[in-house]
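Enquirer: fold the following for me, if possible:
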Amino acid sequence: MAEDVEKVNPHLVVRDKEGKTYSVRYDQVNAMLLNEFLKEHQKVQEMEANAARHQEQIEALTAGLEKVNTQLELSGPAPQTVVGNQ
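Expert: Numbers count the residues shown, from 1 in each chain. You can find the predicted model right below:
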């Protein structure tokens, strides 16, 4: 297991006199995991805030589009433009 941890973060292992991986520094692993969790939690909060802003924009655009559609329906069909030789 210590070898697997070493691949991720070499500072989280203890080495023997020969420099071979001997053990995991579990006290450091917990601190590292907490730090990574807090970073990810912050990212999730930012993404949620962005999603809320995007939803508000979608709703505003949808309302504007509905207003334009209503105005077009009330104004009747658009006049036909004849293009050609006159």
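
Enquirer: mean confidence score for the host helix or strand of Lys43?
Expert: Assigned by DSSP states H and E, Lys43 belongs to helix 26-75. The average pLDDT for helix 26-75 rounds to 95.

Enquirer: so how far is Gly19 from the most centrally placed residue in the chain?
Expert: Here the mean C-alpha position of the chain is nearest to the C-alpha of Met47 (Cα atoms, centre = their mean), at a distance of 4.7 Å. Going from Met47 to Gly19 by Cβ to Cβ, to the nearest Å gives 43 Å. In this view, the C-beta of every residue, glycine as well, is placed from N, C-alpha and C.

Enquirer: next: Glu36.
Expert: As judged by Cβ to Cβ, Glu36 and Gly19 stand 27 Å apart.

Enquirer: the more surrounded of those two?
Expert: Shown here are Glu36 and Gly19; by other Cβ atoms under 10 Å, Glu36 has more neighbours (10 against 7).

Enquirer: for Ser23, what are its contacts?
Expert: 2, 13-14 (Cβ atoms under 8 Å, 6 or more residues apart in numbering).
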